[in-house]
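# Next comes the sequence, and after it the predicted model I'd like to discuss.
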Amino acid sequence: MGRIVVGVDGSDPSLKALHWAVRQAGLTGDTVEAVNSWEYPATSWTSMMPGMPEDFDPQAVATVALTEALEEALGAAGAAAIQKIVVIGNPAQSLLDRSEGANLLVVGARGRSGLKATLLGSVSLHVTQHATCPVTVVHG
């Protein structure tokens with residue numbers, strides 16, 4: 001029994017990837033690890049962005065967002081069976097780090113129309129080029 005890592009940011013493509021990963025885990029007996037990452041917004045002295053409130057906890061916000069996305073997609077019982085990982089960092093690098101030793105990394109593709117529908121998003125492109133395990137990119 002191994003581990004399937006799936007990137008979940010709450011978007012439709014990521015939820016499709018989640019459903020695919022759960023079905024695959026049902027076939028292989030692997031566990032599913034849903035990963036959500038967050039970063040502080042880039043700011044500089046020229047930015048007009050006000051400072052963050054002292055009680056703002058981006059880790060908690062990202063954890064709630066991941067939990068809600070899993071419960072909406074899989075129901076409470078299905079979400080309870082998924083290991084939830086929330087980390088600070090670049091999404092692509094966070095997925096690469098978490099997928100070390102995994103049997104599979106699953107990500108959603110960018111959902112666009114026309115020619116762009118054949119292109120990968122920046123995260124899916126990066127992980128397909130750098131992952132140390134097999135990667136599945138789920139298209140709409």
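Nice, I can see it. Computed from a prediction, not measured in an experiment: that's the story for all the values here.
# and residue 72, what is it in contact with?
residue 15 (CB atoms under 8 Å, 6 or more residues apart in numbering). Using the backbone N, CA and C atoms, a C-beta is placed for each residue, glycine as well.
# Can you list phi and psi of it for me?
phi -70, psi -40 (degrees, to the nearest 10).
# where's it relative to residue 101, distance?
29 Å (CB to CB, to the nearest Å).
# Report the rounded mean pLDDT for stretch 33-46.
Model confidence over stretch 33-46, given as mean pLDDT, is 76.
# got the CA positions of stretch 4-20 in CSV?
Output of stretch 4-20 as CSV, limited to C-alpha atoms (Å, rounded to 0.1, in the frame of the first residue of the first chain):
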residue,chain,number,x,y,z
ILE,A,4,-1.3,9.1,-3.9
VAL,A,5,-0.7,12.9,-3.5
VAL,A,6,-3.2,15.2,-5.1
GLY,A,7,-3.2,19.0,-5.3
VAL,A,8,-6.5,20.6,-4.1
ASP,A,9,-7.0,24.3,-4.3
GLY,A,10,-10.8,24.2,-4.5
SER,A,11,-10.9,24.9,-8.3
ASP,A,12,-13.0,22.7,-10.6
PRO,A,13,-9.8,21.1,-12.2
SER,A,14,-8.4,20.3,-8.7
LEU,A,15,-11.7,18.7,-7.6
LYS,A,16,-11.7,16.6,-10.8
ALA,A,17,-8.2,15.5,-9.9
LEU,A,18,-9.3,14.7,-6.4
HIS,A,19,-12.1,12.5,-7.7
TRP,A,20,-9.7,10.7,-10.1
